[in-house]
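Undergrad: How does the following fold in three dimensions:
(4 chains)
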There are 2 protein chains.
Amino acid sequence: MARPGVETIRRQQLIDATMKVIEAHGFQGATIGRIAEASELSVGIVSHYFGNKQGLLEASMRYLLSSLQRDAAKLMAERSSTPRERLLAIVDANFSGAQTSAQSAKTWLAFWTQAMHSPDLMRLQRVNERRLLSNLIVPLRQLMPVAQARETAETIAALIDGFWLRAAMSEGRIELDRAVSLCKTYVDQAIAANSGNHTSDSMGHTED
Amino acid sequence: MARPGVETIRRQQLIDATMKVIEAHGFQGATIGRIAEASELSVGIVSHYFGNKQGLLEASMRYLLSSLQRDAAKLMAERSSTPRERLLAIVDANFSGAQTSAQSAKTWLAFWTQAMHSPDLMRLQRVNERRLLSNLIVPLRQLMPVAQARETAETIAALIDGFWLRAAMSEGRIELDRAVSLCKTYVDQAIAANSGNHTSDSMGHTED
DNA sequence: TTCAATTAATTGAATGGTTATTCAATGCCG
DNA sequence: CGGCATTGAATAACCATTCAATTAATTGAA
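TA: The predicted model follows:
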């Protein structure tokens, strides 16, 4: 019970197979038959370890998200000197998972789409988005007022999602380097645009 | 043949029903039975006018994309004084389709996901992306060197996609106004960041 | 150690439900 | 009547789920 039992191994086996099949055939084509084949197990074992197909899909998404989160946390822990460096590290981290496997972008998008019709998956998405936003706001608050920090954080988050979307479409083509570069350019522009306003609650932003 | 025949009417009827069903039940739940019910026609008529289900889906996506394109073209034709105004108009245009129906974001995302496993749909996506990029580059080239114009255009495009993605997830909640506002803020920041370099091939951008 | 007994893990054919597709029959209109 | 449009029951394929049967692992008494 305490050792890394068969259960853990089988679960991971099935999750790996699920991601592989989704990447190859999309969410629609991810049948239990194919997943079983890819995992070299039988179809009956899915219900044994995950209850049903939906349970397997949710577990797979949880794994994908936590996987990306782990990569991100690792990169962020390394360099964290200035706020700017920290922001660039977050950007790097959010694309690092994609660099290793551009096909994970496809899986990610498949889950995202599916999440819109599944409250459980939706909740997972929201949690992840919130975490990214708060990670961004922390260093931004040291560079600009809270209001602008929040706006900039949302913009960076949208930028990351948008580039992921494109990465998912450009099959195989790794233009991730360019995405990272453009995100970083934006970070510097945003810092420069608000460099006059520091930690004070200044309101000197007369728009329009 | 020349008149607006029954064929045109039926086709549109089915396409409308398809979009309605996809928005309500997602791509997976878009069965021919439901589409037929929503269109108040029979299931057999799909094969008669579109060959099969896939044909109907492709036609629907074509319609959605050209619909968005039409809205965009309309808005862009109105105001086109300065390059900056023109850029802001493009941004507005790319969210105008979503303002009328926030649920069209869901349909858009569903198609996008599906496109990754259908060469025909993929080609449509690429065409649309290229059009957006070139629309953006034209006014940007009047404000900055070509290289930066291209970068800025790609960033704006990613920003738009990212906000669409979020709009698709936040069911019903219309945070489109915020998305538009943040996009415009970025446009101004990008212009300001490159305001020193005009149409010349200046390279005065010492990065890092 | 050996070997039955017991428990756990795994299989995959059978089941029931869902869906796209077909096509003979029907309705419609000139 | 004759061609066109439309219907919807019938068909066949597919798929998730179940569960009795099979295999593997573990135990513990001799």
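Undergrad: Which strands or helices does the helix or strand where A:Ala93 lies pack on?
TA: Remark: A:Ala93 resides in helix A:83-100, with elements defined by DSSP states H and E. Helix A:83-100 makes packing contacts with helix A:53-78, helix A:103-115, helix A:119-140, helix A:146-169, helix A:176-193 when contacts are defined by 3 or more CB pairs under 8 Å, 6 or more residues apart in numbering or on different chains; DSSP states H and E. Quick note: C-beta positions are derived from backbone N, CA and C, even for glycine.
Undergrad: Got the confidence number for the residue in chain A that DNA strand C sits nearest to?
TA: In chain A, no residue comes nearer to DNA strand C than A:Gly44, which is 1.9 Å away by CB to the nearest atom of the strand. Taken from the predicted model, the pLDDT recorded for A:Gly44 is 97.
Undergrad: for DNA strand C, what are the nearby residues on chain A?
TA: By CB under 7 Å from any atom of the strand, the residues of chain A that approach DNA strand C are A:Gly5, A:Val6, A:Glu7, A:Arg10, A:Glu40, A:Leu41, A:Ser42, A:Val43, A:Gly44, A:Ile45, A:His48.
Undergrad: residue contacts, the residue nearest to A:Cys183 when sequence neighbours are not counted?
TA: With CB to CB, 6 or more residues apart in numbering or on different chains as the criterion, A:Cys183 has its nearest non-adjacent residue at 4.5 Å, and that residue is A:Val91. For A:Val91, the contact set (CB atoms under 8 Å, 6 or more residues apart in numbering or on different chains) comprises A:Ile156, A:Ile160, A:Val180, A:Cys183, A:Lys184, A:Val187.
Undergrad: could these be laid out in CSV, adding neighbour count?
TA: As requested, these are arranged in CSV below (neighbours: other CB atoms under 10 Å in any protein chain shown):
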residue, neighbour count
A:Ile156, 25
A:Ile160, 21
A:Val180, 20
A:Cys183, 23
A:Lys184, 17
A:Val187, 23
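Undergrad: Closest one of those residues to B:Lys53?
TA: A:Ile160 (34.5 Å; CB to CB).
Undergrad: For that closest one, report the pLDDT, please.
TA: At A:Ile160, the pLDDT recorded in the model is 95.
Undergrad: same thing with the one 5 residues further on?
TA: On pLDDT, A:Leu165 comes in at 88.
Undergrad: Looks like it contacts B:Phe163 (just checking).
TA: No: at 11.0 Å, A:Leu165 does not count as touching B:Phe163 under the criterion of CB atoms under 8 Å.
Undergrad: Counting neighbours around each, name which of the two comes out higher.
TA: Neighbours per residue (other CB atoms under 10 Å in any protein chain shown) separate A:Leu165 from B:Phe163, with B:Phe163 holding more: 29 against 21.
Undergrad: contacting residues for the residue nearest to A:Trp112 when sequence neighbours are not counted?
TA: Setting aside the residues directly before and after it, A:Trp112 is nearest to A:Gln125 in space (CB to CB, 6+ apart), at 6.5 Å. For A:Gln125, the residues meeting the contact criterion (CB under 8 Å, 6+ apart) are A:Phe111, A:Trp112, A:Ala115, B:Met169.
Undergrad: Now render the residues of chain A next to DNA strand C as TSV, adding secondary structure, neighbour count and distance to DNA strand D.
TA: Rendered in TSV, the data for the residues of chain A next to DNA strand C read as follows (DSSP: H, G, I helix; E, B strand; the rest coil; neighbours: other CB atoms under 10 Å in any protein chain shown; distance: CB to the nearest atom of the strand, whole Å):
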residue	secondary structure	neighbour count	distance to DNA strand D
A:Gly5	coil	10	9
A:Val6	helix	10	8
A:Glu7	helix	11	12
A:Arg10	helix	17	12
A:Glu40	coil	8	14
A:Leu41	coil	17	12
A:Ser42	coil	11	8
A:Val43	coil	13	4
A:Gly44	helix	9	3
A:Ile45	helix	16	8
A:His48	helix	11	7
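Undergrad: quick one on the thing from earlier: quick check: the gap between the residue of chain A closest to DNA strand C and A:Val6.
TA: A:Gly44 is 15 Å from A:Val6, where distance means CB to CB, to the nearest Å.
Undergrad: Now do the buried residues in stretch A:72-89.
TA: Using 16 or more other CB atoms under 10 Å in any protein chain shown as the burial criterion, the residues of stretch A:72-89 that qualify are A:Ala72, A:Leu75, A:Met76, A:Pro83, A:Arg84, A:Arg86, A:Leu87, A:Leu88, A:Ala89.
Undergrad: which non-adjacent residue is nearest the third one?
TA: Yep, that's A:Met76 we're talking about. Computed as CB to CB, 6+ apart, the closest residue to A:Met76 that is not its neighbour in sequence is A:Ala89, at 5.1 Å.
Undergrad: same check, this time on the fifth one
TA: Distance criterion CB to CB, 6+ apart; nearest residue to A:Arg84, sequence neighbours excluded, is A:Ile191 at 6.3 Å.
Undergrad: Contacts only, for the one you found.
TA: A:Ile191 makes contact with A:Arg84, A:Leu143, A:Met144, according to CB under 8 Å, 6+ apart.
Undergrad: between the buried residues of stretch A:72-89, which is nearest chain B?
TA: Looking at the buried residues of stretch A:72-89 and their distance to chain B, the nearest is A:Leu88, at 10.8 Å (CB to the nearest CB).
Undergrad: Verify the stated contact: that closest one with A:Lys184.
TA: Yes: A:Leu88 sits in contact with A:Lys184 when judged by CB under 8 Å, with a separation of 5.5 Å.
Undergrad: Need phi/psi at A:Gly26.
TA: With angles defined as degrees, to the nearest 10, A:Gly26 sits at phi 80, psi 170.
Undergrad: what's the pLDDT at it?
TA: According to the per-residue confidence, A:Gly26 scores 89 in pLDDT.
Undergrad: ditto for A:Gly172
TA: A:Gly172 is assigned 56 on the pLDDT scale.
Undergrad: how near is the residue nearest to A:Trp112 to A:Leu65?
TA: For A:Gln125, the distance to A:Leu65 (CB to CB) stands at 8 Å.
Undergrad: again, but for A:Ala158
TA: Using CB to CB, one obtains 18 Å as the distance from A:Ala158 to A:Leu65.
Undergrad: Have a look at the two and say which one is more surrounded.
TA: Taking A:Ala158 and A:Leu65 together and counting by other CB under 10 Å, A:Ala158 has the greater number of neighbours (23 against 19).
Undergrad: which residue packs closest to that one, ignoring adjacent ones?
TA: Excluding its sequence neighbours, the residue lying closest to A:Ala158 (CB to CB, 6+ apart) is B:Gly162, at 3.3 Å.
Undergrad: Fine, thanks again, bye for now.
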